[in-house]
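Student: test case, fold it:
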Amino acid sequence: MPVRLLVHTRTTGYRHDSIPAGVEAVRTIGDFEVDHTEDPRAFERPLDGYAAVVFLSTSGDVLTPAGRERLAAYVDAGGGFVGVHAAACTEYDWPYYGELLGARFDRHPEYQPGKALVEDREHPATRHLPAVWDFTDEWYDFRTNPRATVRVLASADESSYDGGRMGTDHPLVWCREQGAGRVFYTALGHASEAYADPDFRAHLLGGITWAAGVG
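Tutor: Numbering: from 1, shown residues only. Below you'll find the model as predicted:
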């Protein structure tokens, strides 16, 4: 039976051109039944039928007050949550969301090649990757280092690109538990090209299936 996902891509801030490619990737990387929405009212209805909710490069305030309550209750009760790239630029005024995701976006240098250091080879999102993963992205900096409250899966090697400001400990991909739910976040996924990359597609698949409790 397909795993049912709710993929939310509403933006009230910066909008990534890669969103359509990202949605198509989620539809095609696994045995998923995807409901794609940009309607915040979708979160005012019961979410229990979904194995996971995916915020795919959302930005700004994307939920209503009632939707916030529904999403928090859903995750705390055991629902999965996946944040991709600009999901960290979302709901800055909702404290629960910052806790849920683990860290909030601060800034990024220009889009450029760099290296991600894979720290955890046991997780489905990273076990297929080399120890040093060459990738091209925006290499997000975060307002706080989430390491104390999350399981870091991969970090950025700031010596491999220009403009990083978090230092030698720069988490980039992580997972955590929120109540009875599972949360996965990857800072990667800026460009459409990422969603055609086999390693990134496997990375995304592993994160989603883990959050949904099926991988």
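Student: can we go C-alpha only for contacts and neighbour counts from here?
Tutor: Will do.
Student: surely Ala25 is in contact with Tyr195?
Tutor: Yes - applying C-alpha atoms under 8 Å, one finds Ala25 in contact with Tyr195, separated by 5.9 Å.
Student: and those two? Which one has more around it.
Tutor: Tyr195 (24 against 18; other C-alpha atoms under 10 Å).
Student: kindly confirm my reading that that one is in a helix.
Tutor: Yes - according to DSSP: H, G, I helix; E, B strand; the rest coil, Tyr195 belongs to a helix.
Student: now it: how far from Thr149?
Tutor: 28 Å (C-alpha to C-alpha, to the nearest Å).
Student: mean confidence for the top helix by length along the chain?
Tutor: If you go by DSSP state H, the chain has its longest helix at helix 198-212. Per-residue pLDDT values over helix 198-212 give a mean of 98.
Student: on that earlier part again, joint contacts of Ala25 and Tyr195?
Tutor: Contact criterion C-alpha atoms under 8 Å, 6 or more residues apart in numbering; residues shared by Ala25 and Tyr195: Arg201.
Student: can I assume Ala156 is in contact with Met166?
Tutor: No - at 9.3 Å, Ala156 does not count as touching Met166 under the criterion of C-alpha under 8 Å.
Student: neighbour-wise, which of those two wins?
Tutor: Ala156 (27 against 16).
Student: nice, that's everything, thank you.
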